[in-house]
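Asker: I'd like to go over a predicted model; first the sequence, then the structure.
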Amino acid sequence: MTPADLLAALFPSGHTVVVGPDNIMSGTALATGGTEVAVLGIANATPLSPEIAITLAGQILDILRADDRKPIVLLIDTASQRMTRRDEMLGLYEYLGHLAKVITLAGARGHRTVGILYGTAAAGAFIATTLATQTLIAVDGAHPSVMDLPSIARVTKLPLETLEEKARTTPIFAPGVAPLAATGAVAEIWTAANGDLSHRLATVLAAIPPADDRDQLGAARGGRKLAHDVAEKVAASFAGEAG
Amino acid sequence: MIPQDIAHEPSWYESSARARIDGVLDPGSFTELLGPQCRIMSPHLALFDLPPAFDDGMIVGRGLLDGHPVAVAAQEGQFMGGTFAEVSGAKLVGLLRAAAASAGTSQTVSAVLLLLDTGGVRLQEANAGELAVSETIRAVLAVRQAGIPVIALIGGRAGAFGGGSLVASCCSRIVMTEQGRISVTGPEVIETNKGAEEFDSRDRALVWRVTGGRSRALLGGADRYIRGDVASFRAAARDRANPPAFDIDTMRAEQVRLEKRLERYGDCHDTPEIWARMNLPDPAGISEIDDAAFIERLAATGGAHDAR
Amino acid sequence: METFTIRAQAPRPLPGTRAQAIVGVVASGNLEILLERTGETDAVEITVETASHGYRTVWEAVIADFVARSSPGGIRLSIHDNGARPDTVMLRLMQGTNVLEKQP
């Protein structure tokens, strides 16, 4: 999906969102139902650099300045984090971590945060952007991954065909929307053929933001059966061992 | 070279995760939660014909530090690279959520110590591991919002790579040694994707100059630089004065701090260039001096880095 | 992975009061051993899960030697092995019973 098509589908009542320097998207939009939302994003599968991360974080901090609980919608098509020696030398982890922190802070301060993945997002760039929002939606064209299968094959020293075969039996490592939805990362999958995106967005914006329930979602969908149970057991014994 | 006075003290780098916990906490005070006898293990490694570990490489529990209750989690970097996976990640997330929930109750802890030693996400469980990192970040920030500091201690074999580097950046404080390394993409992966001219991962000095504890401490990517013995980690964990709150003021300060770094050093190609611009004496020699001399030089920079 | 259980009779129960111990790490060329008291006095049960296939007879020899040397009666040992050599295995076994015997 192109940014223009996506914006038109999400905000038929109008928006001011433009794709600016470094493929950073920003503007405001009117959601169906009349709520004004802030829109930020990354276009054209642009790798997440320290510059892009700090610009997005700065724009979110500007939104927080108004203290008006305006919802923030993050439209992401980013590839992976940029892989250069220079970025790592400058502390890329701090830039990505800062972006994740600022998105989380926005949610904590009453801004509904919704991530809409319409292209690729991988590894640290995925964690720092859409995975940091309260609700992650995948639309047509979304391709989330931790690492692509050929790279996993290199690291695990397994033949690609073997990995592809194993990926058919478990959603635990394979890239793509379906496996990530099964593990609880993706809350909802929207396809344009399957109904009006703007109404669905309005419903999500109106919903009370969930606490982090992704492990419960993964258990219910059968893609991550143990995580929630293990976390609960640790928490229960933590309380039991106190004092 | 290892200085004479610490040559016989237990080294953090060489120690197992369990030995590190024992060395940091008050003797005999550690209570493990969901320990090895519970046999809560990865169900996914068998698919890859890999042996599991009884603790999945993550040890969580509570104990005392100077008599004050703390929560502690330690990754075993020697097992599967200390990776975030379904079970290992859930143990950490469960501990953090419990710590946040305990704030203000009789069960509360004075700090959470994260003994990170990780290559990042376990690729055999990539999706579960990636989510575990995201859940960990959210839980770390909830602990901080509850007024409890989260301290990252980094000096293990596996460093803090990938998702582990992002988790570190979300902690209240980062404590590092010379051998500690933090980086999102590992040098080998950058070399594989972009070629040796971008990052020659076999050039160990270069790898350490880019990702190592000294560079991170000088740039503000770590708050504390310590010697690599276990006792120094215990001393650093005890010193928890004025941890930054996770709030709008801290994030604004961090925004300014990180923007300035890009303005000042964004065109540098190697760390000695950055150090020269910081007006450090003998920038080329920073990697060569011993820990005592480095700690002195770091102190001379005024090195307090606010925000986190 | 290859999994098998070896049972033996020890001359004496292992002294000490500690209920369990874990030693070693599942790193390459290494292994971890979880030791637990079963309440029985002379039986020893050792379950091995190993990444190296086809070495059961070597394990049996090492374990027979270990049982004769340390008499770990009343102990269940559970092993995750990632290609450790026999001398490393023996070192960890002795280390494990030593912890159970001597540490509180």
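Answerer: Everything's here; your move. For clarity, every value in this text was computed on a predicted model and none was experimentally measured.

Asker: now the helices: where do they sit in chain C?
Answerer: Secondary structure of chain C (DSSP state H): helices located at C:56-70, C:86-102.

Asker: For B:Leu50, give me its contacts.
Answerer: Counting by Cβ atoms under 8 Å, 6 or more residues apart in numbering or on different chains, B:Leu50 touches B:Met80, B:Gln124, C:Met1, C:Ala51. In this view, the C-beta of every residue, glycine as well, is placed from N, C-alpha and C.

Asker: What of C:Arg56?
Answerer: C:Glu2, C:Phe4.

Asker: Roughly how far does it sit from C:Val62?
Answerer: C:Arg56 sits 11 Å away from C:Val62, going by Cβ to Cβ, to the nearest Å.

Asker: re earlier: closest to B:Arg297 among the contacts of B:Leu50?
Answerer: Distance to B:Arg297 across the contacts of B:Leu50 (Cβ to Cβ) is lowest for B:Met80, with 37.1 Å.

Asker: I'd guessed B:Arg224 sits against B:Ile174; true?
Answerer: Yes - contact between B:Arg224 and B:Ile174 holds when scored by Cβ atoms under 8 Å: they sit 7.4 Å apart.

Asker: ok, those two, which is more surrounded?
Answerer: A direct count of neighbours by other Cβ atoms under 10 Å in any protein chain shown for B:Arg224 and B:Ile174 places B:Ile174 higher, at 30 against 22.

Asker: Next, work out how far apart that one and chain A are.
Answerer: Noted for B:Ile174: a distance of 9 Å to chain A, by Cβ to the nearest Cβ, to the nearest Å.

Asker: what does B:Leu258 give?
Answerer: From B:Leu258 to chain A the distance is 5 Å (Cβ to the nearest Cβ).

Asker: so who does the nearest residue to that residue once chain neighbours are set aside touch?
Answerer: Residue nearest to B:Leu258 in three dimensions, not counting chain neighbours: A:Ile54, with 5.5 Å by Cβ to Cβ, 6 or more residues apart in numbering or on different chains. For A:Ile54, the contact set (Cβ under 8 Å, 6+ apart) comprises A:Tyr95, A:His98, A:Leu99, B:Gln255, B:Leu258, B:Glu259, B:Leu262.

Asker: which two of these lie the greatest distance from each other?
Answerer: Among those, A:Leu99 and B:Leu262 lie farthest apart (Cβ to Cβ), at 13.7 Å.

Asker: More neighbours: which of those two?
Answerer: A:Leu99 (28 against 16).

Asker: Is the host helix or strand of that one positioned near chain B?
Answerer: Per DSSP states H and E, A:Leu99 falls inside helix A:92-108. Yes - Helix A:92-108 is in contact with chain B by Cβ under 8 Å from any Cβ of the partner chain, via A:92-98, A:100-102, A:104-105, A:108.

Asker: Mind giving me the ChimeraX command for buried ones among those?
Answerer: Selection of the buried residues among these in ChimeraX, burial being defined by 16 or more other Cβ atoms under 10 Å in any protein chain shown:
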select /A:92,93,94,95,96,97,98,100,101,102,104,105,108
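
Asker: With distance to chain C and pLDDT as new columns, can the residues of helix A:92-108 next to chain B be given to me in JSON lines?
Answerer: Output for these, formatted as JSON lines (distance: Cβ to the nearest Cβ, whole Å; pLDDT from 0 to 100):
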{"residue": "A:Leu92", "distance to chain C": "29", "pLDDT": "98"}
{"residue": "A:Tyr93", "distance to chain C": "26", "pLDDT": "98"}
{"residue": "A:Glu94", "distance to chain C": "30", "pLDDT": "98"}
{"residue": "A:Tyr95", "distance to chain C": "33", "pLDDT": "98"}
{"residue": "A:Leu96", "distance to chain C": "29", "pLDDT": "98"}
{"residue": "A:Gly97", "distance to chain C": "29", "pLDDT": "98"}
{"residue": "A:His98", "distance to chain C": "34", "pLDDT": "98"}
{"residue": "A:Ala100", "distance to chain C": "31", "pLDDT": "98"}
{"residue": "A:Lys101", "distance to chain C": "33", "pLDDT": "98"}
{"residue": "A:Val102", "distance to chain C": "38", "pLDDT": "98"}
{"residue": "A:Thr104", "distance to chain C": "34", "pLDDT": "98"}
{"residue": "A:Leu105", "distance to chain C": "38", "pLDDT": "98"}
{"residue": "A:Ala108", "distance to chain C": "38", "pLDDT": "97"}
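
Asker: wait, which of the residues of helix A:92-108 next to chain B is closest to chain B?
Answerer: When those are compared for distance to chain B (Cβ to the nearest Cβ), A:Gly97 wins out at 2.8 Å.

Asker: residues touching the residue lying closest to the closest one once chain neighbours are set aside, list them.
Answerer: Excluding the flanking residues, the one nearest A:Gly97 by Cβ to Cβ, 6+ apart is B:Ser169, at 2.8 Å. Shown in contact with B:Ser169 (Cβ under 8 Å, 6+ apart): A:Tyr93, A:Glu94, A:Leu96, A:Gly97, A:His98, A:Lys101, B:Arg308.

Asker: any idea how far B:Ser169 is from A:Leu30?
Answerer: Distance from B:Ser169 to A:Leu30, by Cβ to Cβ: 35 Å.

Asker: Of the contacts of B:Leu50, which is the most crowded?
Answerer: B:Met80 (29 neighbours).

Asker: got the contact list for that one?
Answerer: B:Leu45, B:Leu50, B:Ala53, B:Gly57, B:Arg122, B:Gln124, C:Val26.

Asker: mind running it again at 6 Å?
Answerer: B:Gly57, B:Arg122 (Cβ atoms under 6 Å, 6 or more residues apart in numbering or on different chains).

Asker: end to end, how far does stretch C:20-29 reach?
Answerer: 24 Å (Cα to Cα, to the nearest Å).

Asker: C:Gln20 against C:Leu34, yeah?
Answerer: No - with contacts counted by Cβ atoms under 6 Å, C:Gln20 stays clear of C:Leu34, the gap being 7.0 Å.

Asker: Write out the residues of chain C neighbouring chain B.
Answerer: Residues of chain C found near chain B (Cβ under 6 Å from any Cβ of the partner chain) are C:Met1, C:Gln20, C:Ile22, C:Val25, C:Val26, C:Ala27, C:Leu34, C:Ala51, C:His80, C:Asn82.

Asker: Let's have those residues in a markdown table, adding pLDDT and distance to chain A.
Answerer: Converted to a markdown table, those look like this (pLDDT from 0 to 100; distance: Cβ to the nearest Cβ, whole Å):
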| residue | pLDDT | distance to chain A |
| --- | --- | --- |
| C:Met1 | 92 | 15 |
| C:Gln20 | 96 | 16 |
| C:Ile22 | 97 | 17 |
| C:Val25 | 97 | 20 |
| C:Val26 | 97 | 16 |
| C:Ala27 | 96 | 17 |
| C:Leu34 | 98 | 18 |
| C:Ala51 | 92 | 13 |
| C:His80 | 98 | 18 |
| C:Asn82 | 97 | 15 |
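
Asker: Just among these, which is most surrounded?
Answerer: Neighbour counts for these, by other Cβ under 10 Å, peak at C:Val26, which reaches 27 neighbours.

Asker: That residue contacts C:Ile33, doesn't it?
Answerer: No - if you go by Cβ under 6 Å, C:Val26 and C:Ile33 don't touch, sitting 10.4 Å apart.

Asker: Which residue is the nearest non-sequential neighbour of the residue of chain C found nearest chain B?
Answerer: For chain C and chain B, the shortest gap (Cβ to the nearest Cβ) falls at C:Ala27, measuring 3.8 Å. Distance criterion Cβ to Cβ, 6+ apart; nearest residue to C:Ala27, sequence neighbours excluded, is B:Gln78 at 3.8 Å.
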